[in-house]
Each structure stands twice: as C-alpha cells, then as structure tokens.
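Q: Here is the input, now give the coordinates:
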Amino acid sequence: MAVQTSRPCKETADAMKFCGDYKALHKVLNPKWTKSAAQNVFRDRAATPEWLREFELYQETYATVEPDTDSCTPAMRQVIEHELERDVNAPLKLHMAIPKNLVRTCSPTSIRIAIRFHGGGGVTGHPRYGPWECRADLEWILSSPNTISIEPTYCLLPEASGDTIYGNIRSLCAFLFKDLEAALESINPHFAIAWDHVYIFGISFGGWMALGLFLEFGNWNSRPPNFRIRAVILRCPLVKEYRREQGRFMGVEIPEQQAIDDSKKIYDIKCRMPFQLHRAGDHPPGGMYGAYALSVAKCWGMIWGSNMMFDMIKETQECPDPRAKVRIDHGTADIQVPYTSSEELCALFSEKGWQKIDLIPHEDKPHAWDYKDPITESLLDYLHTSSV
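A: Presented below is the predicted three-dimensional model:
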C-alpha cells in the first residue's frame with residue numbers, strides 16, 4: 001500500500017514545486033512597477049479606440065496548446081489548476097472584427113480577409129489591446145469592399161519556444177482553410193470567403209509572424225485553387241534576434257546588469273520546469289518587461305531556440321506567391337528594431353529574385369510611431385491597387 005500511495009504524494013509535491021517556479025517566473029516578468037508605468041505611458045491612448053467602434057467583434061478558438069501529458073499527469077494537473085487558478089491548456093484565439101454594415105448583409109457576399117498580427121517582442125501583446133490598435137488598418141478595412149479583420153493570438157516567450165510558435169502558424173493555416181468559412185457562416189449564412197483576396201499585416205514581432213504565415217501559405221498543399229495573397233504589409237518588422245541597448249523602459253531607467261540578472265533568472269527557471277503553461281494574448285504590460293530584459297541581455301535568441309525569420313526566408317527556395325506585393329514601412333530612428341534590418345531584408349528579397357518589394361523609410365520616426373495616425377494616401381493607394 002505504501003508503494004501505491006507514494007506516487008500521488010510525489011505528484012502533489014512535483015506539482016507544488018512547479019507552481020512555485022511558475023510564480024517565480026511571472027514575478028520576474030511582471031515587476032510591480034510595470035502596471036503603473038504602463039498606465040503612465042499609455043494614458044493618452046484609449047482602451048477602446050473610436051476607430052474600432054464601427055465593427056462587431058467575434059472570436060473563435062483555432063487551436064489549443066497542451067502540456068506534455070507524460071510530464072503533466074492528471075493528478076498534477078488538478079493540483080496546478082487549483083493552485084494557479086488557471087487551466088493548464090492555452091486556447092489560441094482568432095479575434096474577428098467585421099464592419100457592422102457587413103454583418104447585417106442579406107445577400108450572398110464574398111468576404112475578403114485581412115490577417116493581422118500584433119507586436120510585443122514575442123513576449124506580450126493582444127489583438128484587442130486598445131493602445132496598440134492600428135488605426136490605418138481598420139480605416140482601410142472599412143473602405144475596402146466586404147473586408148474583415150482576423151487577428152490571431154499566439155504563444156508567447158519565454159514559456160514558448162520558436163518551434164512552438166511556428167507550430168501555432170501551422171495550426172492557424174489549418175483552421176483558416178478547414179474551419180474559417182463555417183465560423184463566418186455561423187455569423188451570417190450569406191458569407192463565403194473570397195480566397196483570391198487575402199492580405200497579411202504585421203507590426204514589430206507581428207511582422208515576423210506575418211512573414212511566417214506568408215511562408216507557410218506557400219508550403220500548404222490543400223489551398224483553395226483560387227488562393228491569392230494580394231499584399232503583405234509590414235511595419236518595423238522584427239526578423240532577427242531581438243537586441244537593443246540599455247535605456248529607459250516605459251519611462252523607467254533599468255540598469256543593464258539588472259536586465260542581465262533578470263534574464264538569467266528567466267532562463268534558469270524555464271530550464272528547470274519540466275513543462276510549460278503557455279500564455280497567448282497577454283494584455284500589456286503582462287510579461288512586457290521580459291522583452292526588454294531579454295533583448296538588452298542579448299539572450300532573446302537563446303530563449304527563442306529556433307531559426308530566425310531572416311534565416312527562414314534565406315532557406316526558402318521560391319516566393320510563396322510571386323503575385324503578392326510586400327510593403328515595409330520603417331522609421332529611421334527606431335531603436336527597438338533598427339531600420340537597417342529592413343534594408344537587409346529587402347536586399348535578401350532582391351537576392352532571391354522576389355519582385356514587388358517596397359521599403360518606405362520614415363525619417364526620424366521611432367518604433368511603431370503611427371499606431372493612431374489615419375491611413376496615408378500612399379498606403380491606401382497601395383492596398384487598393386493590390387485588390388485589382
């Protein structure tokens with residue numbers, strides 16, 4: 001009998017140790033001062049921007065990420081979920097914004113889809129985080145015929161690895177081609193997808209994800225026969241290891257050594273955890289300090305642990321869709337993602353013979369400067385001509 005009861009006792013002890021490590025990791029990722037600092041930094045940004053009010057909002061689960069069942073046994077799961085007050089599984093959500101007039105249509109309608117990825121250094125971010133909502137994207141969607149916004153969440157570092165996040169992209173592809181049309185029909189039975197009008201948007205790390213989806217579409221054999229990517233719109237895209245110099249983070253001066261020490265804690269805690277409970281769609285500043293610490297300590301790539309997007313493109317033999325136009329807007333004063341990285345990306349595209357690539361420099365503009373700017377005539381014309 002002693003042998004039979006020792007396993008549950010060990011599983012309980014292992015689960016409690018895991019919970020302690022989980023809490024320690026989140027304590028490093030979320031210093032107490034970050035919440036008030038974020039309120040200060042984003043105090044002039046609306047929680048729900050006015051340009052989102054023209055849309056009806058919906059969401060679907062496109063995949064669920066679960067811990068390894070050999071490591072996280074049912075008995076451990078029960079203890080962990082009780083102790084941490086969360087499910088051990090992480091649902092990946094597809095947030096949809098559909099213009100209100102389009103939702104009410106009463107005739108057969110072919111829906112164009114704009115797939116948009118949020119930024120956050122791969123460590124934080126949520127599609128519905130108002131202060132980061134991009135006005136220009138939504139203005140274009142409202143002006144474009146029968147177009148909707150689709151914004152996926154994805155697993156976040158440091159709990160996730162690059163391989164996990166690339167797996168999220170594959171899961172997203174599977175949902176888009178197998179289940180999205182049924183999800184839209186449940187909103188309005190008159191909806192069908194115009195697969196020949198697909199657009200991909202990404203900002204900062206969202207640019208990494210947008211390019212990842214672009215590449216994955218090229219690998220997907222079961223695409224609809226009329227599938228066509230019209231445009232890939234990137235803003236200050238991160239495509240290499242995230243590295244930045246020590247400085248102020250959310251208005252607070254963080255010494256370089258503190259960033260290094262905290263990054264070591266993040267790495268050490270992650271390494272000793274037998275499995276991970278993933279975050280996906282974490283509203284800033286949730287986990288946001290981790291992006292700063294890991295980038296300053298120059299160990300973001302070690303946590304990523306997989307191929308960089310730049311290298312993925314370098315290894316790709318053919319352009320996923322030679323008809324697609326790719327536009328990159330980047331501020332020349334960006335200290336988070338240097339403008340030179342977009343120059344190198346365009347040089348790589350050119351070296352591979354990919355056509356229709358445009359890099360638009362924005363003089364003296366910082367990282368993600370234009371979140372609340374109305375759409376420019378240049379971008380509006382670019383997108384509208386992509387639709388022809």
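
Q: so where's this structure shaky on pLDDT?
A: For the chain, the stretches flagged by pLDDT under 70 are 1-7, 46-47.

Q: Check which helices and strands the longest strand anywhere in it sits against.
A: Here the longest strand in the chain is taken by residue count, with DSSP state E as the criterion, and it is strand 191-203. If contacts are counted by 3 or more CB pairs under 8 Å, 6 or more residues apart in numbering; DSSP states H and E, strand 191-203 sits against strand 109-117, helix 180-187, helix 205-219, strand 229-235. For glycine as for every other residue, the C-beta is placed from the backbone atoms N, C-alpha and C.

Q: deepest of those, which one?
A: Mean neighbour count (mean count of other CB atoms under 10 Å) peaks for strand 229-235 among those, with a mean of 25.

Q: And the next helix or strand past it?
A: Downstream of strand 229-235, the first helix or strand assigned by DSSP states H and E is strand 248-249.

Q: Distance from the chain centre to that next one, please.
A: Its chain's C-alpha centre lies 22 Å from the corresponding centre of strand 248-249 when counted by CA atoms, centre = their mean, to the nearest Å.

Q: can you list the residues that contact it?
A: Here strand 248-249 makes contact (CB atoms under 8 Å, 6 or more residues apart in numbering) with 254, 289, 292.

Q: try 10 Å this time
A: Strand 248-249 is contacted by residues 31, 34, 37, 41, 254, 259, 285, 288-289, 291-293, 295-296 when judged by CB atoms under 10 Å, 6 or more residues apart in numbering.

Q: Kindly supply the ChimeraX command isolating those of these that are buried.
A: To isolate the buried subset of the contacts of strand 248-249 in ChimeraX, counting by 16 or more other CB atoms under 10 Å, use the following:
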select :31,34,37,41,254,259,285,288,289,291,292,293,295,296
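
Q: if I pick residue 113, what's in contact with it?
A: Applying CB under 10 Å, 6+ apart to residue 113 gives the contacts 96, 141, 146-150, 176, 180, 184, 193-195, 197-200.

Q: thinking again about what came up before, and the contacts of strand 248-249 as CSV, adding secondary structure and distance to residue 350?
A: Converted to CSV, those look like this (DSSP: H, G, I helix; E, B strand; the rest coil; distance: CB to CB, whole Å):
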residue, secondary structure, distance to residue 350
31, coil, 43
34, helix, 41
37, helix, 41
41, helix, 37
254, coil, 38
259, helix, 36
285, coil, 38
288, helix, 35
289, helix, 37
291, helix, 30
292, helix, 33
293, helix, 35
295, helix, 28
296, helix, 32
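
Q: can I get the contacts of strand 248-249 in JSON lines with distance to residue 55?
A: Rendered in JSON lines, the data for the contacts of strand 248-249 read as follows (distance: CB to CB, whole Å):
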{"residue": "31", "distance to residue 55": "34"}
{"residue": "34", "distance to residue 55": "30"}
{"residue": "37", "distance to residue 55": "30"}
{"residue": "41", "distance to residue 55": "26"}
{"residue": "254", "distance to residue 55": "37"}
{"residue": "259", "distance to residue 55": "38"}
{"residue": "285", "distance to residue 55": "25"}
{"residue": "288", "distance to residue 55": "26"}
{"residue": "289", "distance to residue 55": "31"}
{"residue": "291", "distance to residue 55": "28"}
{"residue": "292", "distance to residue 55": "32"}
{"residue": "293", "distance to residue 55": "35"}
{"residue": "295", "distance to residue 55": "33"}
{"residue": "296", "distance to residue 55": "37"}
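
Q: Show me which residues of the longest helix seen in the chain are buried.
A: In the chain, ranked by residue count with DSSP state H as the criterion, the top helix is helix 2-29. By 16+ other CB under 10 Å, the buried positions in helix 2-29 come out as 11, 14, 15, 18, 19, 22, 25, 26, 28, 29.

Q: Now do the helix or strand harbouring residue 166: distance to the chain's middle.
A: With elements taken from DSSP H and E, the one containing residue 166 is helix 162-178. Its chain's C-alpha centre and that of helix 162-178 lie 12 Å apart, by CA atoms, centre = their mean.

Q: buried residues in that helix?
A: Using 16+ other CB under 10 Å as the test for burial, helix 162-178 gives 162, 164-169, 171-173, 175-177.

Q: and those as a markdown table, adding distance to residue 62?
A: Formatted as a markdown table, the buried residues of helix 162-178 follow (distance: CB to CB, whole Å):
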| residue | distance to residue 62 |
| --- | --- |
| 162 | 19 |
| 164 | 15 |
| 165 | 14 |
| 166 | 15 |
| 167 | 12 |
| 168 | 9 |
| 169 | 11 |
| 171 | 6 |
| 172 | 6 |
| 173 | 10 |
| 175 | 4 |
| 176 | 8 |
| 177 | 11 |
